[in-house]
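here is a sequence together with a model predicted from it:
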Amino acid sequence: MIYAFFMGKLDRKIYFDKCGADAQQDFPVEPGSLLQNDLIVIRDNEISLARKDRKYTDLAGSIFWSEHVASMYSPNIIIR
């Protein structure tokens with residue numbers, strides 16, 4: 001989700017193919033908050049940044065950041 005918003009849009013079919021679920025099911029709150037603030041547009045197969053709000057890309061992407069996401073990017077250091 002985060003990377004998709006940095007690219008400007010999320011293709012819901014690609015998300016489903018990769019994750020096995022609909023993006024709005026996986027993230028039931030976040031898209032609604034962005035939609036309510038006119039930051040995104042939801043169409044049939046696409047969730048995209050609202051044209052006038054592309055300057056808020058960082059905000060749209062960061063709303064999906066969590067400790068779980070951060071743990072996926074933590075370096076795996078093995079000390080022997």
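Now that the structure is in, tell me what you want to look at.

give me phi/psi at residue 38?
phi 60, psi 30 (degrees, to the nearest 10).

ok, it to residue 49 distance?
10 Å (CB to CB, to the nearest Å). Using the backbone N, CA and C atoms, a C-beta is placed for each residue, glycine as well.

and those two? which has more neighbours close in?
More neighbours surround residue 49 than the other of residue 38 and residue 49, with 24 against 11 (other CB atoms under 10 Å).

next, the contact list for residue 15, please.
1, 4, 22-23 (CB atoms under 8 Å, 6 or more residues apart in numbering).

so which helix or strand takes in it?
Here residue 15 sits within helix 12-19, counting by DSSP states H and E.

between the contacts of residue 15, which sits nearest residue 43?
Nearest to residue 43 among the contacts of residue 15: residue 23, at 12.6 Å, using CB to CB.

how about the contacts made by that closest one?
Residue 23 makes contact with 1, 10, 12, 15-16, 31, 47, according to CB under 8 Å, 6+ apart.

and those residues, which are buried?
Buried subset of the contacts of residue 23 (neighbour count, 16 or more other CB atoms under 10 Å): 1, 10, 12, 15, 31, 47.

so where does the closest residue to residue 10 other than its chain neighbours fall, helix or strand?
Leaving aside its chain neighbours, residue 10 sits nearest to residue 4 (3.6 Å; criterion: CB to CB, 6 or more residues apart in numbering). Taking DSSP H and E as the criterion, residue 4 maps to helix 2-7.

give the rounded mean pLDDT of that helix.
If you average the pLDDT over helix 2-7, you get 71.

was I right about residue 39 contacting residue 60?
Yes - with contact defined as CB atoms under 8 Å, residue 39 counts as touching residue 60 (5.5 Å).

more neighbours: those two, which one.
Taking other CB under 10 Å, residue 39 and residue 60 do not tie; residue 60 has more neighbours (27 against 20).

could you report the pLDDT at that one?
For residue 60, the model assigns a pLDDT of 71.
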